[in-house]
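# 3D model of this:
(one chain, ligands or ions: 2)
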Amino acid sequence: MKVGSPILARVQGEGRKSLLETEAKELCREYCIPVTKFELAKSETDAVRFANEIGYPVVMKILSPDVIHKSDVGGVEIGIKGDDDVRRGYRRIMENIKKNNPRARIVGITVQEMAPSSTEVIVGAIKDPQFGPVVMFGLGGIFVEVLKDVAFRVVPFTGNEASDMISEIKAYPILKGYRNMPPADTKAIADILMSTSRLMTDHTTIKEIDLNPILVYEKGAKAVDARIVIE
Ligand code: ADP
Ligand code: MG
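Numbers count the residues shown, from 1 in each chain. Ligands and ions are numbered 1, 2, ... in the order given. Model prediction:
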């Protein structure tokens with residue numbers, strides 16, 4: 001059993017209710033949830049250096065405690081393939097934020113490894129007023145947002161229950177593989193569900209987790225975005 005997290009303590013100490021994407025991903029990493037590699041750039045020059053270290057293509061995203069939905073304000077650039085694009089992307093993101101959310105405090109811009117596109121799933125956690133902490137699973141996009149095709153479990157739960165969560169959604173055949181689509185690594189998803197459950201049981205201050213999206217492959221899975229809210 002893990003008690004206390006320096007990241008959560010710092011966020012609480014600063015009176016913030018929400019972890020930055022970088023902080024959320026660090027906490028995820030501590031729980032063996034695979035996340036995209038990232039570096040925090042404070043200048044165009046930083047960004048170019050990090051992009052070369054990480055390797056093209058890269059993704060760039062605004063990092064701000066005041067921006068929750070990054071793409072809504074033009075804060076995400078994907079598929080960046082060269083140094084000039086990094087510089088242009090950096091400037092474009094800054095301009096977009098100044099235009100769409102002029103009062104946002106900007107920490108910097110993260111440069112991230114670009115995860116190859118694949119089936120997108122969502123893992124979330126909330127504190128239900130009746131059941132307490134619950135973990136949610138569904139496929140990305142319309143499956144969760146429109147069709148509400150999701151599975152829930154009260155934490156903590158077993159590995160078998162994590163597997164059941166995956167197979168009980170209606171969209172499960174998509175994960176199982178069809179036509180020329182290879183099967184997705186459901187074991188990797190089950191591991192993320194278990195880790196999310198552990199995060200909720202270890203840290204009662206966590207109110208909400210949103211790993212959206214997680215890209216799932218034939219082998220492995222990777223969270224490209226992470227949001228964690230505390231009480
Ligand atoms: P938002 O705050 O808008 O949810 P995200 O970090 O989820 O921002 O980025 C928006 C979209 O961009 C994601 O849904 C995903 O499709 C894509 N994306 C973001 N980061 C990456 C990445 N590192 N690799 C691949 N695709 C990414
Ligand atoms: Mg997202």
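
# so after the helix or strand harbouring I192, what's the next helix or strand?
In the assignment (DSSP states H and E), I192 maps to helix 186-202. For helix 186-202, the succeeding helix or strand toward the C-terminus, using DSSP H and E, is strand 206-216.

# lowest-confidence helix or strand of the chain?
Every helix and strand in the chain was compared by mean pLDDT, DSSP states H and E; the lowest is helix 142-145, with a mean of 82.

# does any bit of it sit next to ligand 2?
No - under the criterion of Cβ under 5 Å from the ion, ligand 2 is not reached by helix 142-145; the shortest gap measures 11.8 Å. For glycine as for every other residue, the C-beta is placed from the backbone atoms N, C-alpha and C.

# Residues in contact with stretch 25-40: which ones?
5, 7-8, 19, 21-22, 46, 50, 53-54, 59, 63, 107-115, 188, 191-192, 195-196, 198-199, 211, 220-224, 226, 228 (Cβ atoms under 8 Å, 6 or more residues apart in numbering).

# Among these, which lie within helices?
Per DSSP state H, helices hold the following members of those: 7-8, 21-22, 46, 50, 53-54, 188, 191-192, 195-196, 198-199.

# Restricted to buried residues, select the residues you listed in PyMOL.
The buried subset of the ones in helices among the contacts of stretch 25-40, as determined by 16 or more other Cβ atoms under 10 Å, is captured in PyMOL by this line:
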select buried, resi 7+8+21+22+46+50+54+188+191+192+195+196+198+199
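
# what's the helix holding I192 packed up against?
helix 21-30, strand 119-128, strand 132-139, helix 159-168, strand 206-216, strand 221-223 (3 or more Cβ pairs under 8 Å, 6 or more residues apart in numbering; DSSP states H and E).

# how about TSV for those, with mean pLDDT and distance to ligand 2 added?
TSV is the format used below for the helices and strands packed on helix 186-202 (pLDDT from 0 to 100; distance: least, Cβ to the ion, whole Å):
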stretch	mean pLDDT	distance to ligand 2
helix 21-30	98	9
strand 119-128	97	9
strand 132-139	97	14
helix 159-168	98	20
strand 206-216	98	5
strand 221-223	98	9
